[in-house]
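Here is my input; please provide its structure:
(one chain, ligands or ions: 7)
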Amino acid sequence: MASLKLLLIAACGFCLVSADFRSDLKDTGVRSVFPGDSDYAAASKAYNLRFTFAPAAVVYPTTPEEVSSVVKVAFDNNYKAVPRGGGHSYVANGLGGKNGSLIVDMGSMKAITIDSSANTAVIETGNRLGDIDLALNAAGRALPHGTCSYVGIGGHASFGGYGFTSRQWGLALDPIFAVNAVLANGTIVKATKDSYPEILWGLKGAAPSFAISTSIEVNTFAAPSYAIVMNYVWNDMDYKTAGESMFSFQNFSLSGPAAPFAGELDIFRGSREGTVNITFAAAWYGDEGSAIPTIQPWLDVMPTPDSAQLLGDGTYIDTVALLSGASHPVNTSTQPDTTDTFYAKSLMTPEGEPMTLEACTAFMKYLAIEGFASNTDWFTQVELYGGPNSKIREIPNNATAFSRRDTLFTFQLYASSFNLQPPYPAEGFTFLDNMATTVTSSMPSDWNYGAYVNYLDNRLQNWQNLYFADNYPKLKYLKDQLDPHDVFMFPTSIEE
Ligand SMILES: Cc1cc2nc3c(=O)[nH]c(=O)nc-3n(C[C@H](O)[C@H](O)[C@H](O)COP(=O)(O)OP(=O)(O)OC[C@H]3O[C@@H](n4cnc5c(N)ncnc54)[C@H](O)[C@@H]3O)c2cc1C
Ligand SMILES: *[C@@H]1O[C@H](CO)[C@@H](O)[C@H](O)[C@H]1NC(C)=O
Ligand SMILES: *[C@@H]1O[C@H](CO)[C@@H](O)[C@H](O)[C@H]1NC(C)=O
Ligand SMILES: *[C@@H]1O[C@H](CO)[C@@H](O)[C@H](O)[C@H]1NC(C)=O
Ligand SMILES: *[C@@H]1O[C@H](CO)[C@@H](O)[C@H](O)[C@H]1NC(C)=O
Ligand SMILES: *[C@@H]1O[C@H](CO)[C@@H](O)[C@H](O)[C@H]1NC(C)=O
Ligand SMILES: *[C@@H]1O[C@H](CO)[C@@H](O)[C@H](O)[C@H]1NC(C)=O
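Numbers count the residues shown, from 1 in each chain. Ligands and ions are numbered 1, 2, ... in the order given. The predicted structure follows:
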């Protein structure tokens with residue numbers, strides 16, 4: 001029997017899909033795409049074209065019961081099972097992050113049920129952020145989440161989910177009070193604070209290591225009655241002034257601007273060596289007269305900007321569209337998704353140990369010199385998570401698996417190939433690795449910085465601590481209890 005199985009695997013050649021696995025999947029009745037099928041190439045294409053993976057199969061369940069059947073097939077046949085939401089993982093973990101996994105694409109499960117009396121919603125995990133916004137907005141409600149409308153809620157809410165409403169409402173995973181999920185042995189559970197509380201804890205920060213969530217149940221927020229986007233631009237700023245600007249932005253952030261304020265510094269290549277272009281992208285979700293007065297203390301210590309704009313018609317949904325941008329409309333059925341070829345890293349700075357002026361200046365100097373010369377199309381973002389008044393930090397680090405709530409800034413460091421197509425330039429890896437080091441090496445050696453799991457970095461050393469910090473031992477314990485056979489395994493999944 002064993003040798004017959006081996007023979008069948010060998011006969012299948014490049015695809016390494018066993019006959020038992022294939023026929024067991026067919027028996028579930030769930031639409032399945034295998035290597036060699038005409039739609040296999042499209043089904044296994046990554047958002048980040050730096051990665052090409054060959055899954056054993058891609059399946060499209062339509063109910064939690066079907067998700068359970070396909071997970072059991074993976075379990076019985078010793079395959080890895082990996083959920084895919086919007087497919088926007090930076091390292092193609094929605095394709096397993098390696099070859100030969102069973103991909104459970106949630107894209108056929110897009111129901112959104114809104115309870116207008118309880119102000120809750122049940123959202124199936126095949127939805128993308130923009131479509132969730134449109135459904136909720138029609139009922140006057142909203143949720144916190146990131147800017148790109150095409151990102152899937154499946155991955156986004158598994159690992160955090162930061163956006164411009166996060167200082168007043170929290171991360172995308174914070175409003176979740178129940179998760180309907182399929183465990184490694186195919187069991188369907190509803191995890192709440194009363195039933196399977198440990199599973200709920202793990203799903204809010206490290207979900208795909210433990211289960212496939214089929215839907216999340218959330219508390220919704222009233223859509224703000226006034227909302228506006230603000231853009232201030234300083235072009236060709238010398239790196240010394242840029243370092244001082246980031247330092248004074250940190251100072252302003254620590255002073256605790258009101259929760260309806262959101263902002264980040266976006267830094268781009270300058271047109272002359274020694275300079276950078278900086279955009280202060282901000283939003284305000286409060287009363288109309290308070291937007292500018294809230295940011296004025298920082299503007300007062302800044303040079304005069306080259307341009308200053310208030311954008312939007314004042315409605316909340318318009319800010320969602322503005323922040324997502326024209327290439328990603330809020331209604332994701334209206335145009336196809338984009339792709340990119342890129343490497344990205346992140347750095348989360350501890351609120352209790354702010355960066356020194358020297359660290360800020362070293363960072364900007366690197367962007368102004370090495371960044372000016374780089375053969376990549378890069379940007380960096382310095383996103384404000386914390387500061388007094390931020391809801392993100394009001395929840396303890398150990399209350400959910402999301403471990404780094406005491407973060408002041410999350411840096412995203414991101415570089416693409418110039419035409420957004422492969423190959424990604426080899427120097428682009430060390431360009432970003434060294435960019436992060438300019439900050440960390442300027443700070444004390446015990447500086448307790450972290451990294452953000454939704455900006456996943458396939459070259460990161462010591463990721464267990466950087467991503468999960470003090471929660472890692474409990475995550476390992478839960479993994480051992482819930483998934484002893486490591487069915488839900490991918491690069492950076494929680495280890496046994
Ligand atoms: C253009 C762009 C803009 C972005 N902007 C932001 C931003 O503003 N803020 C921010 O925080 N992040 C942002 N991100 C990062 C984004 O949050 C992550 O890449 C996220 O994990 C993508 O989720 P997905 O479902 O689209 O991806 P997928 O590749 O489908 O999934 C990502 C991971 O989540 C797992 N997963 C997916 N569905 C489920 C499920 N149902 N149950 C359990 N696990 C699941 C997958 O197995 C995989 O490990 C952005 C990404 C891109 C590409
Ligand atoms: C994974 O599959 C792809 C596509 O078939 C192939 O190019 C690549 O070499 C494989 N990777 C490994 C590690 O086998
Ligand atoms: C930076 O600013 C200069 C001067 O306005 C402009 O020419 C250039 O296009 C900007 N670069 C980027 C990457 O936006
Ligand atoms: C730091 O912030 C305080 C207010 O909180 C302000 O008075 C001071 O000028 C700021 N300093 C710098 C360097 O930005
Ligand atoms: C989204 O766009 C599709 C295709 O144009 C359309 O059928 C659908 O009604 C739109 N959805 C919403 C909520 O506007
Ligand atoms: C978090 O830590 C505090 C203090 O050690 C402890 O009292 C609490 O029970 C912990 N919470 C969880 C969910 O483990
Ligand atoms: C499946 O796993 C869960 C969690 O470990 C456990 O509670 C349940 O009893 C298991 N079910 C079966 C049928 O083994």
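
Tell me if residue 190 really is in a helix.
No: counting by DSSP: H, G, I helix; E, B strand; the rest coil, residue 190 is not found in a helix; it is strand.

I figured it hits residue 178, correct?
Yes: if you go by Cβ atoms under 8 Å, residue 190 and residue 178 touch, sitting 5.7 Å apart. For the C-beta atoms, the positions are set from N, CA and C on the backbone; glycine is no exception.

burial measure for the closest residue to residue 307 other than its chain neighbours, as a count.
Counting by Cβ to Cβ, 6 or more residues apart in numbering, residue 307 lies nearest to residue 233, which is 4.6 Å off, once chain neighbours are set aside. Burial of residue 233, expressed as a neighbour count using other Cβ atoms under 10 Å, amounts to 17.

quick one: which of residue 190 and residue 178 has more around it?
Under the criterion of other Cβ under 10 Å, the comparison of residue 190 against residue 178 puts residue 178 first, with 20 against 16.

measure the more buried one to residue 439 for me?
39 Å (Cβ to Cβ, to the nearest Å).

And for residue 313?
As for residue 313, its distance to residue 439 is 38 Å (criterion: Cβ to Cβ).

who's more crowded, these two?
When residue 313 and residue 439 are compared on other Cβ under 10 Å, the one with more neighbours turns out to be residue 439, at 22 against 11.

helix/strand/coil for the residue in the chain positioned nearest to ligand 6?
For the chain, the nearest residue to ligand 6 under the criterion Cβ to the nearest ligand atom is residue 398, separated by 3.8 Å. Taking three-state DSSP as the rule, one finds residue 398 in the coil state.

What about it, how many residues nearby?
The local packing of residue 398 (other Cβ under 10 Å) involves 13 other residues.

Check it and give its pLDDT.
In this model, residue 398 is scored at 98, pLDDT.

I'd guessed it sits against residue 468; true?
No: contact status for residue 398 versus residue 468: not in contact, 11.0 Å apart, counting by Cβ under 8 Å.

Enumerate every residue touching the residue nearest to residue 307.
Applying Cβ atoms under 8 Å, 6 or more residues apart in numbering, one finds that residue 233 lies in contact with 277, 278, 279, 280, 305, 306, 307, 308.

could you say which helix or strand contains it?
Secondary structure assigned from DSSP states H and E places residue 233 in strand 228-238.

List the buried residues in stretch 197-212.
Buried residues in stretch 197-212, defined by neighbour count with 16 or more other Cβ atoms under 10 Å: 199-212.

For these, name the two members farthest from one another.
With Cβ to Cβ as the measure, no two of these lie farther apart than 201 and 212, at 17.0 Å.

Please enumerate the helices of the stretch 251-400 of the chain.
Residue ranges of the helices in the stretch 251-400 of the chain, as given by DSSP state H, counting those that start in this stretch, are 291-300, 316-324, 357-373.

can you tell me which of those helices comes nearest to residue 128?
When the helices of the stretch 251-400 of the chain are compared (using Cβ to Cβ), the closest one is helix 316-324, at 10.6 Å.

for the closest one, packing partners?
Counting by 3 or more Cβ pairs under 8 Å, 6 or more residues apart in numbering; DSSP states H and E, the packing neighbours recorded for helix 316-324 are helix 129-138, strand 228-238.

let's go with 10 Å and repeat that
Here helix 316-324 is seen to pack against helix 129-138, strand 141-142, strand 228-238, strand 275-284, strand 307-311 when contacts are counted using 3 or more Cβ pairs under 10 Å, 6 or more residues apart in numbering; DSSP states H and E.

what's the model's confidence in the shortest one, averaged?
pLDDT averaged over strand 141-142 equals 98, rounded to a whole number.

Quick check: which ranges of this protein have low pLDDT?
Filtered on pLDDT under 70, the chain yields the residue ranges 1-16.

Can you pull the residues of it lying near ligand 3?
Within the chain, the residues that sit near ligand 3 (Cβ under 6 Å from any ligand atom) are 235, 236, 268, 269, 270, 271, 277.

who wins for most neighbours among these?
Neighbour counts for the residues of the chain next to ligand 3 peak at residue 270, which has 22 neighbours (criterion: other Cβ under 10 Å).

what sits against the residue nearest to residue 166 when sequence neighbours are not counted?
Counting by Cβ to Cβ, 6+ apart, residue 144 is the residue found nearest to residue 166 once chain neighbours are left out, at 4.9 Å. Shown here is residue 144, whose contacts under the criterion Cβ atoms under 10 Å, 6 or more residues apart in numbering are 161-175, 221, 262, 391-392.

In PyMOL, how would I select the buried members of the residues you listed?
Typed into PyMOL, the line below selects the buried ones among the contacts of residue 144, using 16+ other Cβ under 10 Å:
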select buried, resi 161+162+163+164+165+166+167+168+169+170+171+172+173+174+175+221+262+391+392
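
Quick check: helices, which of the contacts of residue 144 are part of them?
Of the positions in the contacts of residue 144, 166, 167, 168, 169 sit in helices, assigned by DSSP state H.

can I get the residues you listed in a markdown table with distance to ligand 7?
Rendered in a markdown table, the data for the ones in helices among the contacts of residue 144 read as follows (distance: Cβ to the nearest ligand atom, whole Å):
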| residue | distance to ligand 7 |
| --- | --- |
| 166 | 32 |
| 167 | 36 |
| 168 | 36 |
| 169 | 32 |
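
related to what we said a few turns ago, please name the residues that touch the residue of the chain closest to ligand 6.
When the contact criterion is Cβ under 10 Å, 6+ apart, the partners of residue 398 are 201, 405, 469, 470, 471, 474.

do the same with residue 234
Taking Cβ under 10 Å, 6+ apart, we find residue 234 in contact with 241-242, 245, 265, 270, 275-280, 302-307.
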